[in-house]
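Participant: here's my sequence, what's the structure:
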Amino acid sequence: MIGAQNDSTIQENLIERFMSLPNQTWDAIIAEASNNLTVLHDIVRIKQIVGILKTNIRACKAIGSGFLIQLGRIYLDMINVYKCMSGYITQALHDKPPTMVRDPVIRGMLSVKKESLRLISEFVTRSNDAETIKNQLLGPLLEAVLVDYANGIAASREPEVLSTMAIIITKLESLVEDHVGAIFLQTFECTLDMINKNFEDWPEHRVNFYQMIQAVVKHSFNALLKLTSEQFKLVLDAIIWAFKHTMRNVADIGLEILYHLLESMSRESSAAAVFFKEYYTSVIEHLFSVVTDSTHTGALSMHANILAFMFCVVEKGQLTVTLNESAPDNVTYVKEYVGTLLRNAFPHLTLQQVQVFVTGLFSLDEDNAQFREHLRDFLVQIREYAGEDESDLYLEERQQALKQAEGEKAALRKAVPGILNPHADFEKAVAIDEDMS
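Facilitator: Model prediction:
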């Protein structure tokens, strides 16, 4: 009802009345804390703050962009509470074992930080005023969150910091361009250090980290072009590390990021010349190492799309730079490079088999469907020789067929009155929302 109110004055009054009880409790806690910060170390107060923040999150989801009046009322105090609790956590965990994060007070404070970030994320997602977000919310948030994230131990770093940054970058796009460097400086290397030991640890940080990179590549690409060559190489290495994951969700995000990066880079003529000169063969090598690895299942279509794009920009002469000075042209050089790469990796293949495959990569690079089938035929050839199962090469088609069959079945059931519960979708949405909370 409040969210549907078109009169902003009436809506603000309704929001104020609706949030009066939690606001009274909030004001009382803040008043106590202004005289004695140790109030924020009390587990009862901490639980109250978490409850108030969750109430605000639910209200924000329902009201939408009009919630700014309420968020503005508590925002600076919420940021100050975030800072105070961050300082306490850092001091409490200094020279202590990571298991200290299980302490009830520490866990409660981490929950306060998490719910604060969730509230900001929910509002930014629903807001239609990017300028207000930039001018009123962004500065205090970055000041409170980034240094704390960089300086904290791994166990105290909230993955919501990364997801919040991703949401803000997606919403603000070019408006946040000047802040991306600072965001990367405080979050990139410390997060990468957490996730580059293996493919399993810190799964939530891992996914949110790549969603943040994806947001920059898709919505604030110019910020990438402002990075130093060392910083850009670190970003590209992280993307390559992503699609080498055996976790499908991370690998898929990595491939999507790379595809958007290549497409965007190809439109920047001066930057593209430097990028492809430096990284073209390296990216090709990593792509083939993953797509020919039987431990990586699915995502064949995206691999094919990226490889087709890589060969297409060479064949069409879109590269304004020579990849290798000793080669007569880029097409000849890439054919020789890929042929040598494959012969070294799969010595059982004959020269003719490799030549036919490489020729097809260029001949079919403008037809993604045929290119994918050509690539799949080559992978089947490799796996048959090694005695490996090639059924996963058809995984995407099977998943699509099952999804289509399930959709047809659901449509048929909906067509018959009385079979389905008309309130099932609403109840499911409520249950999911409660689980997330």
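
Participant: only C-alpha atoms from now on, for both contacts and neighbour counts.
Facilitator: Will do.

Participant: which parts of the stretch 201-350 of the chain are helices?
Facilitator: Using DSSP state H, counting those that start in this stretch, the helices assigned to the stretch 201-350 of the chain run over residues 203-219, 221-225, 229-243, 248-266, 269-291, 300-315, 330-345.

Participant: elements contacting the fourth one?
Facilitator: Judged by 3 or more C-alpha pairs under 8 Å, 6 or more residues apart in numbering; DSSP states H and E, the packing partners of helix 248-266 are helix 203-219, helix 229-243, helix 269-291, helix 300-315.

Participant: pLDDT wise, what is residue 206 at?
Facilitator: We have a pLDDT of 93 for residue 206.

Participant: repeat that for residue 387.
Facilitator: Reported pLDDT at residue 387 in the predicted model: 53.

Participant: circling back: mind putting the helices of the stretch 201-350 of the chain into CSV with mean neighbour count and distance to residue 14?
Facilitator: Formatted as CSV, the helices of the stretch 201-350 of the chain follow (neighbours: other C-alpha atoms under 10 Å; distance: least, C-alpha to C-alpha, whole Å):
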stretch, mean neighbour count, distance to residue 14
helix 203-219, 21, 35
helix 221-225, 18, 41
helix 229-243, 18, 46
helix 248-266, 19, 41
helix 269-291, 16, 52
helix 300-315, 20, 49
helix 330-345, 17, 65
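
Participant: want to throw those helices into CSV with distance to residue 355?
Facilitator: Putting these into CSV (distance: least, C-alpha to C-alpha, whole Å) gives the following:
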stretch, distance to residue 355
helix 203-219, 35
helix 221-225, 37
helix 229-243, 27
helix 248-266, 26
helix 269-291, 16
helix 300-315, 15
helix 330-345, 7
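
Participant: to residue 373, which of those lies closest?
Facilitator: Go through the helices of the stretch 201-350 of the chain one by one with C-alpha to C-alpha and the one that ends up closest to residue 373 is helix 300-315, at 8.9 Å.

Participant: what lies in contact with the closest one?
Facilitator: For helix 300-315, contacts defined as C-alpha atoms under 8 Å, 6 or more residues apart in numbering pick out 255-256, 258-259, 284, 287, 291, 319, 330-331, 361-362, 364-366, 368, 371-372, 375-376, 393, 396.

Participant: low-confidence ranges, the stretch 301-437 of the chain, go.
Facilitator: Across the stretch 301-437 of the chain, the ranges flagged by pLDDT under 70 are 385-402, 405, 409, 413, 418-437.

Participant: could you pull up the residues touching the spatially most central residue of the chain?
Facilitator: With distances taken as C-alpha atoms, centre = their mean, residue 211 lies nearest the centre of the chain, 0.7 Å away. Counting by C-alpha under 8 Å, 6+ apart, residue 211 makes contact with 162-163, 166, 253.

Participant: and the helix or strand encompassing residue 24, what's its mean pLDDT?
Facilitator: For residue 24, the enclosing helix or strand under DSSP states H and E is helix 20-35. Confidence for helix 20-35, expressed as mean pLDDT, is 94.

Participant: and the helices in the stretch 51-200 of the chain?
Facilitator: Ranges of helices within the stretch 51-200 of the chain are 68-93, 104-126, 130-132, 139-151, 159-172, 177-195, based on DSSP H, counting those that start in this stretch.

Participant: in CSV: the ones you listed, plus mean neighbour count.
Facilitator: Shown next, in CSV, are the helices of the stretch 51-200 of the chain (neighbours: other C-alpha atoms under 10 Å):
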stretch, mean neighbour count
helix 68-93, 17
helix 104-126, 21
helix 130-132, 13
helix 139-151, 17
helix 159-172, 22
helix 177-195, 17
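
Participant: check which residues of stretch 315-324 are buried.
Facilitator: Neighbour-count burial for stretch 315-324, with 16 or more other C-alpha atoms under 10 Å as criterion, is recorded at 315, 319, 321, 323.
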